[in-house]
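Chemist: Just need the structure, nothing else, for what follows:
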Amino acid sequence: MIITSVIDNESRCNLAAEHGLCLHIALNNGTNILFDTGKSELFASNAAILGLDIADVDIAVISHGHYDHGGGLKTFLQQNSKAPVYIHSKAFEPHYSLKDEGLKYIGLDTTLQDNPRLKFCNKTTNINLGLVIFSDVENNHQQPLGNRLLFGPGQDENDVFADEQNLIITEGSNHILIAGCAHRGILNILESATKIIGIPPTHVFAGMHLIKSCLDPEEERLSICSLAEQLIAYKETMFYTMHCTGTEQFCILKEKMHSQIEYLSSGKNIEL
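Modeler: Numbering: from 1, shown residues only. Next comes the predicted model:
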């Protein structure tokens, strides 16, 4: 399996970057998966530079209803004529972010919600042997503090991210968990994935939404250090993070987790 970062906030391979996430996953059986589409059509041009043909994607997954994960959906549907797109049934509900000037709409293009290629998911969806999408995540651990700035579907209530879904891929002895932003909390998502798999994932690819987590820098650092200690407890799990984790926040995780965590920026790939 080869997992390639097509879109990330950071790029170290002379590829264009944007605030968004898109991963291309090539399985050993020949199946190609696209996880999220970034916020624009940029994922398609980056894919071409990387030698990845969007028309050859067999399955697409949208992690949740934010523009930086599904903003390229229209372009994907135009360039790929065959792949079903697995998306949560609540993904097209309104989503907002609190900015200095007030609430800003950060949801998906609702004109796409009636496209027949969309496969709407709830709780747990088995795509086929070895591929599972799940959104039924219990809140046993703290969710990212940055969620306080996110609202929906009503403008007067914080988002509970009922539309956020995650992907498990089992191939041989590898059990890979892929999460978009982990708004429900990476520890909560890890626990749910472990229950589904029966053992902890061997690899985790996830944004962890640590940006804008606290107003106080020291409080933020302590919170991230605490998270790192809990992630280290998954001794057999390798973590790759990206996007909304934040580069400064990643450095704090790296100080604690050492070789157990790496950053996956645009253009980089991991072969498992």
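Chemist: low-confidence ranges in this structure?
Modeler: Low-confidence segments of the chain (pLDDT under 70): 213-215.
Chemist: Would you mark the buried spots in the helix of greatest length in it?
Modeler: Longest helix in the chain by number of residues, with DSSP state H as the criterion: helix 217-232. Within helix 217-232, the residues scored as buried using 16 or more other Cβ atoms under 10 Å are 220-221, 223-224, 227-228, 231-232. Backbone N, C-alpha and C define where each C-beta goes, glycine included.
Chemist: and the following helix or strand past that helix, what other elements does it pack with?
Modeler: Downstream of helix 217-232, the first helix or strand assigned by DSSP states H and E is strand 238-241. Counting contacts by 3 or more Cβ pairs under 8 Å, 6 or more residues apart in numbering; DSSP states H and E, strand 238-241 is packed against strand 203-206, helix 247-257, strand 261-263.
Chemist: any idea of the angle the second one forms with helix 217-232?
Modeler: Inter-element angle recorded for helix 247-257 and helix 217-232: 50 degrees (by axes from the mean of the first three to the mean of the last three Cα atoms, to 10 degrees).
Chemist: Please enumerate residues in contact with helix 247-257?
Modeler: With contacts defined as Cβ atoms under 8 Å, 6 or more residues apart in numbering, helix 247-257 is touched by 9-10, 208, 210-211, 213, 220-221, 224-225, 227-229, 231-232, 239, 241, 245, 261, 263.
Chemist: that older thread, from the buried residues of helix 217-232, which is closest to Ala47?
Modeler: Leu231 (30.0 Å; Cβ to Cβ).
Chemist: ok, the closest one touching Ile189?
Modeler: No: using Cβ atoms under 8 Å, Leu231 makes no contact with Ile189, being 11.7 Å away.
Chemist: How about Gly246: what's its closest non-neighbour residue?
Modeler: Computed as Cβ to Cβ, 6 or more residues apart in numbering, the closest residue to Gly246 that is not its neighbour in sequence is Ile211, at 3.9 Å.
Chemist: show me the contacts for the residue nearest in space to the middle of the chain.
Modeler: Of all residues in the chain, the one closest to the mean position by Cα atoms, centre = their mean is Gly180, 1.0 Å from it. Applying Cβ under 8 Å, 6+ apart, we find Gly180 in contact with 21, 35-36, 63-64, 69, 164, 166, 206-207, 243.
Chemist: and if you look at His88?
Modeler: 62, 64-65, 120-122, 135, 162-165.
Chemist: separation between the residue nearest to the centre of the chain and Ala55?
Modeler: As for Gly180, its distance to Ala55 is 23 Å (criterion: Cβ to Cβ, to the nearest Å).
Chemist: what do you get for Ile199?
Modeler: In terms of Cβ to Cβ, Ile199 sits 36 Å off from Ala55.
Chemist: What of Tyr67?
Modeler: Taken as Cβ to Cβ, the span from Tyr67 to Ala55 is 24 Å.
Chemist: Neighbour count: those two, which is higher?
Modeler: Legend: neighbour count by other Cβ atoms under 10 Å for Tyr67 and Ala55, higher for Tyr67 (21 against 10).
Chemist: My guess is the more buried one contacts Ser97. True?
Modeler: No: using Cβ under 8 Å, Tyr67 is not in contact with Ser97; the gap is 9.7 Å.
Chemist: which residues are common contacts for those two?
Modeler: Here Tyr67 and Ser97 share the contacting residues Ile106, scored by Cβ under 8 Å, 6+ apart.
Chemist: Okay, strands next: where are they in the stretch 101-250 of the chain?
Modeler: Along the stretch 101-250 of the chain, the segments classed as strands by DSSP state E, counting those that start in this stretch run 102-105, 118-121, 124-128, 131-134, 150-151, 166-171, 174-179, 203-206, 238-241.
Chemist: what would these look like in JSON lines with mean neighbour count?
Modeler: Shown next, in JSON lines, are the strands of the stretch 101-250 of the chain (neighbours: other Cβ atoms under 10 Å):
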{"stretch": "strand 102-105", "mean neighbour count": "12"}
{"stretch": "strand 118-121", "mean neighbour count": "18"}
{"stretch": "strand 124-128", "mean neighbour count": "14"}
{"stretch": "strand 131-134", "mean neighbour count": "20"}
{"stretch": "strand 150-151", "mean neighbour count": "21"}
{"stretch": "strand 166-171", "mean neighbour count": "22"}
{"stretch": "strand 174-179", "mean neighbour count": "23"}
{"stretch": "strand 203-206", "mean neighbour count": "24"}
{"stretch": "strand 238-241", "mean neighbour count": "22"}
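Chemist: I am finished for the moment; much appreciated.
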